[in-house]
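> show me how the following folds:
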Amino acid sequence: MVHKNVNLTRDHRIAIVRCKSYANVPEALAKGIELLGGVGQFASGDETLLIKPNLLLGDSPERGSTTHPEFFRAVAEIFQSNGTKLAYGDSPGFGSPQHAARASGLQSIAQSLGVEFADFLNTVEVNNPDGILLKQFNIASGLQTVDGLINLPKFKTHALMRLTGAVKNLFGCLPGVQKAGFHTRLQDEDRFAEMLLDLAELLAPRLHIMDGILGMEGNGPRNGTMREVGVILISTNPHALDDCVGRIMNLEPKLVPTLNLAQKHGLYQPDKIEVLGESLQDLVMLDFEVNRSHYSTTGPNRFYMSLFKQWVTPRPVIDPEKCSRCGRCVQVCPAEPKALGFVNGRPQPPQYDYSICIRCYCCQEMCPDEAIFNHTPFLGRWLN
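Sure, this is the predicted structure:
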């Protein structure tokens, strides 16, 4: 299944359709795909495609952190109407894939449509000779049993990459503890972004369809504030889609590491983006809460990095009033030794050693209590 389809990935067209309710997704989705030439352009009746939703964790749809079940249903049905066979899968940041699918409401929808959960527990090694940074990946075994991939990202902010979009959503195709390993090995935001670009180029999804009916601002990708965005975005080019997401968020694309590097490496050209459907300018949310700082989210990779991290770079902070002392943040911390832990048992929340913290923000992302937020030190706010 893993291949590069240059004709698809270099197409800079993106369809944007307004949709303010999940009840109206089927009509809006059909309109958007028709703007790009119809479902037959991306799948045929003798193929099997895998739908890759955003199953960050086992959250209910009401939390807004995962691909909504009705959005998933509409995508599945429109491809099934073309005779295409379907599977689905994702690897969440914590817990089992099956639990995440069940808790998010996707499992029941998939079962009713006869869409099976693919193997996202085991991996297969795949060479990536054209990679910018990585020449091989261990991807989910289920990806090797299908003919192509449909990517369903969610419209959200992200502490490390500024936004969760089409490119970042594909990180879930790498099952298990290796995700934490990448955070440890690639501590600089640009190196982490280059890994994501390599993965996106290797997997080359047929289509990226973003659930932007309800988005998330602020402390995303899980503990932010839900906000009505009211759009569906569809493109064969993940970078063109993420570029438009950033512009709707009123976020300069050059501040998004994956976009900045995708342009540098010739993977997309912003001036070639052709928006079909709605006017992008009419959708911009000037007050959308997102990190617009011109400083790195991980700090500069130079000799004064430790000082910069201490006084300028954002860092995760625990709200003791919200913390339940569950210890998940300690469990998911990929740093060695861990950057936070309990002191003298659990009467107090875990405490950070910021000299060790690699600013991956996994703790903030996985916190079940919405107790961890990102704080920018005074000097960082002043400089920005």
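> mind checking how far the nearest residue to Asn223 once chain neighbours are set aside is from Arg227?
In this structure, Asn223 finds its nearest non-sequential neighbour in Glu370, 4.1 Å apart by Cβ to Cβ, 6 or more residues apart in numbering. Using the backbone N, CA and C atoms, a C-beta is placed for each residue, glycine as well. Glu370 sits 16 Å away from Arg227, going by Cβ to Cβ, to the nearest Å.
> can you pick out the residue with more neighbours from those two?
Arg227 (18 against 15; other Cβ atoms under 10 Å).
> can you confirm that one is in a strand?
Yes. Read with DSSP: H, G, I helix; E, B strand; the rest coil, Arg227 is one of the residues of a strand.
> isn't it right up against Ile213?
No. Look at Arg227 against Ile213 with Cβ atoms under 8 Å: they stay out of range, at 10.7 Å.
> how about Asn250, secondary structure?
Here Asn250 takes the coil state, with states given by three-state DSSP.
> need the pLDDT of it.
Note on Asn250: pLDDT of 98.
> surely it meets Val290?
Yes. At 7.5 Å, Asn250 counts as touching Val290 under the criterion of Cβ under 8 Å.
> who has more neighbours, the two?
Val290 (21 against 14).
> thought that one was touching Met249?
Yes. With contact defined as Cβ under 8 Å, Val290 counts as touching Met249 (5.0 Å).
> and for the two, which residues touch both?
157, 163, 217 (Cβ atoms under 8 Å, 6 or more residues apart in numbering).
> secondary structure element holding Phe137?
strand 136-140 (DSSP states H and E).
> now Gln331
helix 328-332.
> now that helix: average pLDDT?
94.
> quick one: list the elements packing against that helix.
For helix 328-332, the elements it packs on are strand 340-341, helix 362-366, judged by 3 or more Cβ pairs under 8 Å, 6 or more residues apart in numbering; DSSP states H and E.
> to Ala140, which of the ones you listed lies closest?
helix 362-366 (19.7 Å; Cβ to Cβ).
> tell me the helix or strand right after the closest one.
With elements assigned by DSSP H and E, the helix or strand that comes after helix 362-366 is strand 372-375.
> about what we covered before: from the chain's centroid, how far away is the strand holding Phe137?
Remark: strand 136-140 is offset 17 Å from the chain centroid, using Cα atoms, centre = their mean, to the nearest Å.
> now that strand: buried residues?
137, 139-140 (16 or more other Cβ atoms under 10 Å).
> where in the stretch 151-300 of the chain is pLDDT low?
Where the stretch 151-300 of the chain drops to pLDDT under 70, the residues are 300.
> again, only this time at 80
Along the stretch 151-300 of the chain, segments meeting pLDDT under 80 span 299-300.
> how about the strands in it?
Remark: strands assigned in the stretch 151-300 of the chain by DSSP state E, counting those that start in this stretch are 154-158, 162-164, 207-217, 225-235, 274-277.
> of those strands, flag the one that's most buried.
strand 162-164 (a mean of 28; mean count of other Cβ atoms under 10 Å).
> domain ranges for the chain?
Domain segmentation of the chain under automatic domain parsing yields 6-283, 305-383.
> who wins for proximity to Tyr295 among those?
domain 305-383 (6.1 Å).
> strands paired with the strand holding Phe137, and their directions?
strand 123-127 (antiparallel) (DSSP bridges).
> for Arg346, see how far away the residue nearest to the spatial centre of the chain is.
The chain has Asn169 as the residue nearest its centroid, 3.1 Å off, counting by Cα atoms, centre = their mean. From Asn169 over to Arg346 the distance is 34 Å, taken as Cβ to Cβ.
> what does Leu160 give?
Counting by Cβ to Cβ - Leu160 and Arg346 are separated by 28 Å.
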